[in-house]
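Asks: Sequence and predicted structure are below.
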Amino acid sequence: MIKRIISQEDRERKKRRNQFIVGGVLAVLMIMSTVGFALFSGEEENTTSKITYNNLVFYKTLNGWQTTINGRNFEFQNNPLEVQDIRITNVSLEDYYNKALFIDSQDASATYEIYYNLNGIASRIQNACLEEENCSSELPVKTCNDSVIVIETLNTTSIEKRENCLIIKAKEGEAIKVVDAFLYKIFGI
């Protein structure tokens, strides 16, 4: 088979044509993706990334929902609409203001939620073990004379206050919802 001889000029012309085609396809793709992003992401952002509840604006973040109260940011896994049916009574921010707060919980995300939002309000926050339990760890043992929040996983959801103890009982995987409802209640949201 004999290969056809192509002049340098024809080779350059073919190379420029191919570069023009590839450049045109890339330009069309870039324009279409920009238009698609502008049309579809803005609509979703308006409906799901921001809600207003009790005159507070909540923004959807990578970690959950964030709002600002008196210049301070608060973050929650659930927005207030998702937990508004969970009833909590007999708690107030004064129960934890400027006091040492102890948390007895095996649910890391619920513990973090309390720590993040009450840090700076309580004088200090640390893990502990409620005296009534068999505590084999190195945690300090506390009683209901201290401010203790206990989070237990059970088949029902309830919140009970005994002296200075708040006992949160929640179904598997729902502790964070009850903790968010508790935090919304004490912050007056």
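Replies: That came in fine, so what should we check first? Residues are numbered from 1 along each chain as shown.

Asks: Do you have the helices of this protein handy? List them.
Replies: Remark: helices assigned in the chain by DSSP state H are 8-48, 80-83, 108-118, 175-186.

Asks: which one of those is the most hemmed in?
Replies: The highest average neighbour count among the helices of the chain, using mean count of other CB atoms under 10 Å, belongs to helix 175-186 at a mean of 23. To be clear about C-beta, it is placed using only N, CA and C from the backbone, and glycine gets the same treatment.

Asks: Packing partners of that helix?
Replies: Applying 3 or more CB pairs under 8 Å, 6 or more residues apart in numbering; DSSP states H and E, we find helix 175-186 packed against strand 72-76, helix 80-83, helix 108-118, strand 147-153, strand 165-170.

Asks: Same list, the ones you listed, but as CSV with mean pLDDT and distance to Gly36 please.
Replies: CSV is the format used below for the helices and strands packed on helix 175-186 (pLDDT from 0 to 100; distance: least, CB to CB, whole Å):
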stretch, mean pLDDT, distance to Gly36
strand 72-76, 93, 31
helix 80-83, 94, 30
helix 108-118, 94, 35
strand 147-153, 92, 44
strand 165-170, 92, 41
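
Asks: With distance to Tyr59 as new columns, can these be given to me in a markdown table?
Replies: Below are these laid out as a markdown table (distance: least, CB to CB, whole Å):
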| stretch | distance to Tyr59 |
| --- | --- |
| strand 72-76 | 10 |
| helix 80-83 | 13 |
| helix 108-118 | 16 |
| strand 147-153 | 26 |
| strand 165-170 | 26 |
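
Asks: what's the distance between the spatially most central residue of the chain and Gly188?
Replies: Most central in the chain under CA atoms, centre = their mean is Gly64, positioned 2.4 Å from the mean C-alpha point. As judged by CB to CB, to the nearest Å, Gly64 and Gly188 stand 19 Å apart.

Asks: Pass me the low-pLDDT residue ranges in this protein, would you?
Replies: Within the chain, the stretches with pLDDT under 70 are 1-3, 37-48, 132-134, 136-137.

Asks: can you list the domains in it?
Replies: The record's domain parsing of the chain by automatic domain parsing lists 1-48, 90-186.

Asks: Tell me how many other residues crowd Asn54.
Replies: Per other CB atoms under 10 Å, the neighbour tally for Asn54 reads 10.

Asks: Out of the domains of the chain, which is closest to Thr68?
Replies: Nearest to Thr68 among these is domain 90-186; the distance by CB to CB comes to 12.4 Å.

Asks: Any idea how far apart the tips of that closest one sit?
Replies: 10 Å (CA to CA, to the nearest Å).

Asks: and if you look at stretch 87-94?
Replies: Counting by CA to CA, you get 19 Å between the two ends of stretch 87-94.

Asks: do the same with stretch 157-171
Replies: 6 Å.

Asks: Which positions in it come out as buried?
Replies: Using 16 or more other CB atoms under 10 Å as the test for burial, stretch 157-171 gives Thr157, Ile159, Asn164, Cys165, Leu166, Ile167, Ile168, Lys169, Ala170.
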